[in-house]
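Asker: have a look; sequence and predicted model below, questions after that.
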Amino acid sequence: MLIKLTHVNKLYRMGEMEVAAARDISLCIDKGEYVSIMGPSGSGKSTLMNIIGCLDLPTNGAYSLNGTSVFGMSEDDLAAIRNRSIGFVFQTFNLLASETAVSNVELPMLYAGVSPQKRRETAMNALSAVKLSHRSFHRPNEMSGGERQRVAIARSLVNDPPIILADEPTGNLDSATGVEILKIFSDLHLKGKTIILVTHDKNVAVHAKRIITIRDGGIESDKGSGDL
């Protein structure tokens, strides 16, 4: 079992009120699955994404990632897990505007202590894999939204993480470009990556093989995409 959450809750205090952003969530995701986490704004899907991605810890409950308990880890330990095990792709791309595409792709390897020569070689191969070699030395403001997202996907792959966690990856793209990006995720899934796609859009969610619907902080349904 790659990901296992058991009775996970996330509580936030707002003044004298306590708000439950995640309520008693239990789920398992196997290695190599392609899963969408779908729900409207405010449903709790982003909270769940942050917990799965080790960007935040649950208030209580258990979270095991590849057999290791995440609950109670230090910030340094969480950062190490993120760098080694999870590749992130965000709606807003999160690229450094002053750096070229290849330099942006190299960043996770810089934090992992990879040598400069190996970083450059791996980053160029990753850009080639998303068909962007010809834009390697362009900066983000010289590229289209689809190209920037492909840079972000290349960056997510360079440390060869088992999990790709994508948060609304087509949200800032036109429909045709969005389909191209989703095709890349499907190809990565076929190559054995575990894909977790967070979205509010059913048309995006159905590209996954399994759809977990979140509402009011809890799991409303967990189905195959063909069951929707």
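Answerer: Arrived safely.
Asker: where does pLDDT dip in the chain?
Answerer: 225-228 (pLDDT under 70).
Asker: could you point out the longest helix of it?
Answerer: When the chain is parsed with DSSP state H, its longest helix is helix 175-190.
Asker: off-centre distance for the following helix or strand past it?
Answerer: Going down the chain from helix 175-190, the next helix or strand is strand 194-199, by DSSP states H and E. How far strand 194-199 lies from its chain's middle: 6 Å, per C-alpha atoms, centre = their mean, to the nearest Å.
Asker: contacts for whatever helix or strand comes next after strand 194-199, please.
Answerer: Using DSSP H and E, the helix or strand that follows strand 194-199 in sequence is helix 202-205. For helix 202-205, contacts defined as C-beta atoms under 8 Å, 6 or more residues apart in numbering pick out Ser36, Met38, Thr170, Gly178, Leu182, Leu197, Thr199, Ile211, Ser225, Leu228. C-betas here are computed from N, CA, C, even on glycine.
Asker: filter these to the buried ones?
Answerer: Ser36, Met38, Thr170, Gly178, Leu182, Leu197, Thr199, Ile211, Ser225 (16 or more other C-beta atoms under 10 Å).
Asker: for the residue nearest the centre of the chain, what are phi and psi?
Answerer: With distances taken as C-alpha atoms, centre = their mean, the residue of the chain nearest its centroid is Leu165 (1.6 Å). For Leu165, the backbone dihedrals are phi -110, psi 110 (criterion: degrees, to the nearest 10).
Asker: thinking it is in contact with Ile196, fair?
Answerer: Yes. Leu165 is within contact range of Ile196, at 4.9 Å (criterion: C-beta atoms under 8 Å).
Asker: now do the shared contacts for those two.
Answerer: What both Leu165 and Ile196 touch, as defined by C-beta under 8 Å, 6+ apart, is the set Met49, Ile52.
Asker: ranges for the helices of the protein?
Answerer: Under DSSP H, the chain gives helices at 45-52, 75-85, 101-111, 116-129, 145-157, 175-190, 202-205.
Asker: okay, buried residues for the last one please.
Answerer: Same thing as helix 202-205. Val204, Ala205.
Asker: now the longest one
Answerer: Buried residues in helix 175-190, counted by 16+ other C-beta under 10 Å: Thr177, Gly178, Glu180, Ile181, Leu182, Ile184, Phe185, Leu188, His189.
Asker: ok, the fifth one next?
Answerer: Residues of helix 145-157 classed as buried by neighbour count (16+ other C-beta under 10 Å): 145-157.
Asker: for stretch 107-116, C-alpha coordinates in CSV please.
Answerer: The C-alpha coordinates for stretch 107-116 follow below in CSV (Å, rounded to 0.1, in the frame of the first residue of the first chain):
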residue,chain,number,x,y,z
LEU,A,107,15.7,22.9,-8.7
PRO,A,108,14.5,19.7,-6.9
MET,A,109,17.9,18.1,-7.7
LEU,A,110,19.7,21.1,-6.3
TYR,A,111,17.9,20.6,-3.0
ALA,A,112,18.8,16.8,-3.2
GLY,A,113,22.5,17.5,-3.6
VAL,A,114,22.9,16.3,-7.2
SER,A,115,26.0,17.4,-9.0
PRO,A,116,25.7,20.3,-11.5
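Asker: list of residues touching that stretch?
Answerer: Contacts of stretch 107-116 (C-beta under 8 Å, 6+ apart): Asn83, Arg84, Gly87, Leu96, Lys118, Arg119, Thr122, Ala123, Arg155, Ser156, Val158, Asn159.
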